[in-house]
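# Here's my sequence, what's the structure:
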Amino acid sequence: MTPVLELRRLDFSYHDGKKALQDVSFSVGEGERVALIGPNGAGKSTLLAHLNGLLPDEFGSDPSVFIFGRPVCAETLEQTHRQVGFLFQDPDDQLFCPTVFEDVAFGPRQFGADEAAIARIVRQSLEHVGLPGSEDRIPHHLSAGEKQRVCLAGVLACQPRVLALDEPTSDLDPRGKRGLMDLLAKLPVTQIMASHDLELVARLCPRAILLDSGRLIADGPTLQLLADEKLMLEHGLEKPHSLQHLHPHGGRSLC
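Prediction:
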């Protein structure tokens, strides 16, 4: 079966010469929820940006990222944007319209939906994230949790088959985190998320991939990786409090 997404020896350096990703390879199957974990500067956000075609600035002749078996390149960029929805870490980077309706409608409108369909899609998307009737609200008057939900509604309005989420709970209070976690758990799409919230990762993602200094360090069952205190400490992380009673049983370390 063709993977939903596949990375084949992905390398990437920024313009200043900093090596952000080095020889990263893995694949994700239909319906998986996978966490990207690692210290600051590990390459998590950079990797997610490749899945949606936000990086690199220019595509070479030898693609390293594949979505449903098709390479992410200039010729497939529009299709990639439809298939892979990207949720930014900071909602204010994603909200730029005067009303919630216009923000959620932006994607479908860019993809050519008619106004009647757009109104229906916006209504359904807002209902899906628990914000019915919010079309006329001003995005920057919303709480952090509401902003994140509006951003997610805007992504869902494009009907993606994959969600790439960058630190989705970073600015949320405990209630906001629980609400977003419950929402993500119910979404029937493949999800890959970068997060420092290892309690969230433990509850939501059966599989985790550990990155450090742009390299893939380990890939395996989340609870096994997070319970490996030695592995966590070696890569700038801490074993979550909820797993202090567990002992590691492997995980596939690539060190």
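
# Give me the neighbour count for the residue lying closest to residue 170 once chain neighbours are set aside.
Leaving out its chain neighbours, the residue that sits closest to residue 170 by C-beta to C-beta, 6 or more residues apart in numbering is residue 89, at 5.8 Å. (Each C-beta comes from the backbone N, C-alpha and C, glycine too.) Using other C-beta atoms under 10 Å, residue 89 is surrounded by 18 other residues.

# Likewise for residue 192?
Residue 192: 25 neighbours (other C-beta under 10 Å).

# Report the contact partners of it.
5, 28, 32-36, 48, 51, 162-165 (C-beta atoms under 8 Å, 6 or more residues apart in numbering).

# Could you tell me which of the residues you listed belong to helices?
If you go by DSSP state H, those have 48, 51 in helices.

# List the contacts of stretch 136-143.
By C-beta under 8 Å, 6+ apart, the surrounding residues in contact with stretch 136-143 are 92, 95, 97-101, 103, 147, 150, 176.

# For stretch 155-167, which outside residues touch it?
Residues outside stretch 155-167 that contact it (C-beta under 8 Å, 6+ apart): 4-5, 44-45, 48, 51-52, 67-68, 81-89, 104-105, 107-108, 111, 121-122, 125, 128-129, 184, 187, 189-197.

# circling back to that earlier point, going through the contacts of stretch 136-143, which ones are buried?
Neighbour counting by 16 or more other C-beta atoms under 10 Å classes 95, 100-101, 103, 147, 150, 176 among these as buried.

# which two in these are spaced the farthest apart?
Spanning the widest gap among the buried ones among the contacts of stretch 136-143 are 101 and 176, at 22.1 Å by C-beta to C-beta.

# Could you look up the next helix or strand downstream of the one helix or strand residue 191 maps to?
Residue 191 is part of strand 190-194, with elements assigned from DSSP states H and E. Next in sequence after strand 190-194, counting helices and strands by DSSP H and E, comes helix 198-204.

# Which positions within that following helix qualify as buried?
Buried positions in helix 198-204, judged by neighbour count with 16+ other C-beta under 10 Å: 198-202, 204.

# Run the chain-centre distance for that helix.
Taking C-alpha atoms, centre = their mean, to the nearest Å, one finds helix 198-204 lying 14 Å from the centre of the chain it belongs to.

# Also stretch 213-231?
On C-alpha atoms, centre = their mean, the centre of stretch 213-231 falls 18 Å from the chain's centre.

# Tabulate the CA atom coordinates of that stretch in PDB.
Presented in PDB, the C-alpha positions along stretch 213-231 are these (Å, rounded to 0.1, in the frame of the first residue of the first chain):
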ATOM      1  CA  SER A 213      20.300  18.300  15.200                       C
ATOM      2  CA  GLY A 214      18.300  17.500  12.000                       C
ATOM      3  CA  ARG A 215      18.800  13.800  12.300                       C
ATOM      4  CA  LEU A 216      16.300  11.000  12.900                       C
ATOM      5  CA  ILE A 217      17.300   9.500  16.200                       C
ATOM      6  CA  ALA A 218      14.500   7.100  17.000                       C
ATOM      7  CA  ASP A 219      11.100   6.000  15.600                       C
ATOM      8  CA  GLY A 220       8.800   3.800  17.500                       C
ATOM      9  CA  PRO A 221       5.800   3.400  19.900                       C
ATOM     10  CA  THR A 222       5.400   6.700  21.700                       C
ATOM     11  CA  LEU A 223       5.100   5.300  25.200                       C
ATOM     12  CA  GLN A 224       8.200   3.200  24.800                       C
ATOM     13  CA  LEU A 225      10.300   6.100  23.500                       C
ATOM     14  CA  LEU A 226       9.000   8.500  26.200                       C
ATOM     15  CA  ALA A 227       9.600   6.000  29.000                       C
ATOM     16  CA  ASP A 228      13.300   5.700  28.000                       C
ATOM     17  CA  GLU A 229      14.700   8.200  30.400                       C
ATOM     18  CA  LYS A 230      18.200   7.900  29.200                       C
ATOM     19  CA  LEU A 231      17.200   8.500  25.600                       C
END
